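Asks: just coords:
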C-alpha cells in the first residue's frame, strides 16, 4: 500500500532530515474539484485525516497547479487565513511547508505535502536533496492510481456494451459513491478506516452491480414484478460480478492493486442484510465487510430518493425514516446514523448530480 511505502521513505529520511515530521498526499477529483486527504506519514503530531476542500477555493494552490511549480512556505505562522486546513497545520505545530503538484501527462493526480516544525526549513540545498524522494513519491502515487483507472475503464466499457441502462445511470452511480464516502468519513474513526481505505470505497462502490451485465435484459428491464425464478436469476449478479472482477484483475495484471479484496467484497456482499436475511451467503452483522455495509446503505438510500418507472422519488425524510426503522435488520446502524448526521451534505450531492434525460 502507498501508506506503507511513504512511511518507509519517511523512516529512511529520519536521520538526514529529523525535523521533517510530515509527508502527506492528497488526491484530486476533477469531477468535483475536490482535494481529498489520501495517505500520510506523521511524527509527533495528530495526523490530518478525513479532510477535503475545493482546489478552486485556494488561490495559492490553484496557482501552484497552473504553473506546475513547487511551493515553499518558510513561516506558516505568518499566513493569515481562516481556512480549516491552515488552522489544522498551525495547530499541529508545523512551521514550514513544501508542496508539489503531481501530474500524469496533463491530468492532475494530487498534491504532495512535506512539513517541518522549523521555520525556513526547506532551503534550496535541502530541497535539492529531497527532490529524488519527491519524484519517487510522485511516481508511486501515479502507479497507485493507474491500475484503478484501468479497472474502472474496463468495467465502464463492459457496462456500455451490455446495454444495462436501468437504474444504473451515471448520476445514480455518482450520487451513491459520494453517499458512500460521506458514510465512510462519518464512521471512519470507529471502524478503523483511514483516508486511503475511504478513497477506495468511494472509487469501488460504482462497480457494485457490474454483474448485471450477465443477467438477461428481458429480466433487468422488466416493468412488472419479477417472478421467483426471475428474482433468483437476478441474484446471480453478485457471483457474476465477482467473476468479472477476478477476470479483469487477472487479464489486466492488476494483482498489485491495493484493496482489491475490498472491491470483491463490495461486489459480492452488497445485498447482505444485518439480520442474515440477505444474499448470497446470509451473513449477519459484522460478518458482512464494512465496505459492503456502506455500499448497501448508500445504494438503497439513492434508490429510495430517485424516481423510477415504477415509483416516484421519496423525500429524504421519508427514506431516512424507512432506513431508521430497518437499521439492525436490513442496514448497519452506524451507516444509517451517518446519513442522519450528514443531511445537508446529502442534499448538496443530490443537487450536484441530478438526473438528466440521458441518465
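Replies: Yep, it's here. A quick note: this is a predicted structure, and the numbers were derived from the prediction, not measured. Residues are numbered from 1 along each chain as shown.
Asks: all helices of the stretch 1-150 of the chain, in order?
Replies: Counting by DSSP state H, counting those that start in this stretch, the stretch 1-150 of the chain has helices at residues 2-13, 59-67, 84-91, 124-162.
Asks: Output the ones you listed as CSV; include the columns distance to residue 316.
Replies: C-beta here means a position set from N, CA and C on the backbone, and glycine is covered the same way. What follows is the helices of the stretch 1-150 of the chain, written out as CSV (distance: least, Cβ to Cβ, whole Å):
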stretch, distance to residue 316
helix 2-13, 35
helix 59-67, 33
helix 84-91, 26
helix 124-162, 28
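Asks: Of these, which is nearest residue 317?
Replies: helix 84-91 (29.4 Å; Cβ to Cβ).
Asks: next one: that closest one to chain centre, how far?
Replies: Average the C-alpha atoms of helix 84-91, do the same for its chain, and the two points are 23 Å apart (Cα atoms, centre = their mean, to the nearest Å).
Asks: May I see the buried residues of it?
Replies: Judged by neighbour count using 16 or more other Cβ atoms under 10 Å, the buried positions of helix 84-91 are 85, 89.
Asks: where do the strands sit along the chain?
Replies: Applying DSSP state E to the chain gives strands spanning 20-29, 34-42, 52-54, 71-73, 96-104, 107-116.
Asks: Can you add distance to residue 174 and mean neighbour count and give those strands back as JSON lines?
Replies: What follows is the strands of the chain, written out as JSON lines (distance: least, Cβ to Cβ, whole Å; neighbours: other Cβ atoms under 10 Å):
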{"stretch": "strand 20-29", "distance to residue 174": "11", "mean neighbour count": "23"}
{"stretch": "strand 34-42", "distance to residue 174": "13", "mean neighbour count": "22"}
{"stretch": "strand 52-54", "distance to residue 174": "16", "mean neighbour count": "15"}
{"stretch": "strand 71-73", "distance to residue 174": "31", "mean neighbour count": "18"}
{"stretch": "strand 96-104", "distance to residue 174": "22", "mean neighbour count": "20"}
{"stretch": "strand 107-116", "distance to residue 174": "19", "mean neighbour count": "22"}
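Asks: I'd like the ones you listed as a markdown table, with mean pLDDT appended.
Replies: A markdown table is the format used below for those (pLDDT from 0 to 100):
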| stretch | mean pLDDT |
| --- | --- |
| strand 20-29 | 96 |
| strand 34-42 | 95 |
| strand 52-54 | 94 |
| strand 71-73 | 96 |
| strand 96-104 | 97 |
| strand 107-116 | 97 |
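Asks: Let's have these in CSV, adding distance to residue 238.
Replies: As requested, the strands of the chain are arranged in CSV below (distance: least, Cβ to Cβ, whole Å):
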stretch, distance to residue 238
strand 20-29, 28
strand 34-42, 29
strand 52-54, 31
strand 71-73, 47
strand 96-104, 33
strand 107-116, 32
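Asks: Show me how the record splits this protein into domains.
Replies: 2-144, 163-352 (automatic domain parsing).
Asks: Could you tell me the end-to-end distance of the shortest one?
Replies: This points to domain 2-144. Between the opening and closing residues of domain 2-144 lies a distance of 7 Å (Cα to Cα, to the nearest Å).
Asks: how far does that domain sit from the chain's center?
Replies: Average the C-alpha atoms of domain 2-144, do the same for its chain, and the two points are 19 Å apart (Cα atoms, centre = their mean).
Asks: Low-confidence ranges, the chain, go.
Replies: In the prediction, the chain carries residues with pLDDT under 70 at positions 156, 158-169, 356-359.
Asks: Skipping adjacent residues, who's closest to residue 154 in space?
Replies: Once flanking residues are discounted, residue 154 sits nearest to residue 248: 5.2 Å by Cβ to Cβ, 6 or more residues apart in numbering.
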